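>>> from the sequence below, what's the structure:
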Amino acid sequence: MGDTHYYKGGAASLINPVTREEVKSAFFDIKEDRAPGPDGYSAGFYKAACSIIGDKLITAVMDFFENGRLLKQLNATLLTLVPKVQTPTTVGDFRTIFYCNVLYKAITKILVQRLRPLLDSLISPTQNAFIPGRSISENILLAQELFAGYNQQRMPPRCAMKVDLRKAYHTVEWDFLLATLKLFGFLSLFITWVEECVTMRHFSLCLNEGIHGFFAWARGQRQGDPMSPYLFVLVMELSFGDDLLLFCRADKESVGLLKRGCKCLMTIRAVC
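This is a model prediction of the structure:
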């Protein structure tokens, strides 16, 4: 794990007052061709109407950072099920895609823009997903080097396990996420902002060209939320992402230690 208590200047930069220019930049950073959230308005609409409603949008976003409260309607989400196979028969055969409101995306983009520069000092160098300046291909090359010679009898016995965390985004416990942020030394105001975005969640299901229900979330991260990848990287710092390659000596003691570690991971993070 990287430095859990990074320099104070970095922590303070996360809670600096949000400027109007920062909010405007976040809005215009959202791609216009993304599907709209429950309010039905895309980023293209907000950009086209910026001269009319721009000031009110900026004020609404700045109000969140000043008061730390977010309307339930703004944090609502549409959930679409995309088939992963030709003939899906179970829920596991679908990929879940979430559509968030543009106003909510602007808020989380501001949080992401402040968080990203600090990730390099927080996350171990062997974790390369979503970290600016790093490439996941480095881990692929490292894995290939570690596997070299596994089929040679003259080498000492070695063991490798591949662990796939099913629906990893959706099974992260919120309490553990917030505890992780505290462990890393984030200031309470920043954690409050994240908590408000993460825990006040409701979604409706897009099915058969209609919108159905209004369900409450209990845990997990939304794919489609700009902040989700970075929070997930912090939560999964110990185990390095949602696809794990574990290497050890091929003896009962080493394999048993890995199994106990996986059980501990399941217990404290509820990811399986």
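
>>> Three-state assignment for K162, please.
Secondary structure state of K162, per DSSP: H, G, I helix; E, B strand; the rest coil, is strand.

>>> could you measure from it over to L258?
12 Å (Cβ to Cβ, to the nearest Å). In this view, the C-beta of every residue, glycine as well, is placed from N, C-alpha and C.

>>> please report how far the residue most central in space within the chain lies from T96.
With distances taken as Cα atoms, centre = their mean, S228 lies nearest the centre of the chain, 2.2 Å away. S228 sits 12 Å away from T96 when distances are taken as Cβ to Cβ.

>>> same question, R158
Here R158 is placed at a distance of 37 Å from T96 (Cβ to Cβ).

>>> wasn't F215 part of a helix?
No - F215 is assigned strand when assessed by three-state DSSP, not a helix.

>>> R158 and T96: who's more crowded?
A count of neighbours by other Cβ atoms under 10 Å puts T96 above the other of R158 and T96, at 18 against 15.

>>> quick one: the more buried one and L78 touch, right?
No - applying Cβ atoms under 8 Å, one finds T96 not in contact with L78, separated by 10.8 Å.

>>> where do the strands of the chain begin and end?
According to DSSP state E, the chain carries its strands in the segments 76-83, 94-100, 158-164, 202-207, 210-216, 243-249.

>>> could you dump these to JSON lines with distance to K24?
What follows is the strands of the chain, written out as JSON lines (distance: least, Cβ to Cβ, whole Å):
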{"stretch": "strand 76-83", "distance to K24": "24"}
{"stretch": "strand 94-100", "distance to K24": "19"}
{"stretch": "strand 158-164", "distance to K24": "41"}
{"stretch": "strand 202-207", "distance to K24": "28"}
{"stretch": "strand 210-216", "distance to K24": "30"}
{"stretch": "strand 243-249", "distance to K24": "37"}
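
>>> which one, of the ones you listed, ends up nearest to I52?
Closest approach to I52 among the strands of the chain is made by strand 94-100 (22.7 Å; Cβ to Cβ).

>>> let me see the mean pLDDT of the closest one.
Averaged across strand 94-100, pLDDT comes to 85.

>>> picking that back up, among the strands of the chain, which is nearest T180?
Closest to T180 of these, according to Cβ to Cβ: strand 243-249, at 17.6 Å.

>>> show me what the closest one is packed up against.
helix 137-147, strand 158-164, helix 252-269 (3 or more Cβ pairs under 8 Å, 6 or more residues apart in numbering; DSSP states H and E).

>>> tell me the angle the second one makes with helix 137-147.
Inter-element angle recorded for strand 158-164 and helix 137-147: 140 degrees (by axes from the mean of the first three to the mean of the last three Cα atoms, to 10 degrees).

>>> parallel or antiparallel, which strands does strand 158-164 pair with?
As defined by DSSP bridges, the strand partners of strand 158-164 come to strand 243-249 (antiparallel).

>>> in the lengthiest helix in the chain, what counts as buried?
In the chain, assigned by DSSP state H, the helix with the most residues is helix 102-122. Buried positions in helix 102-122, judged by neighbour count with 16 or more other Cβ atoms under 10 Å: 102-112, 114-115, 118-119, 122.
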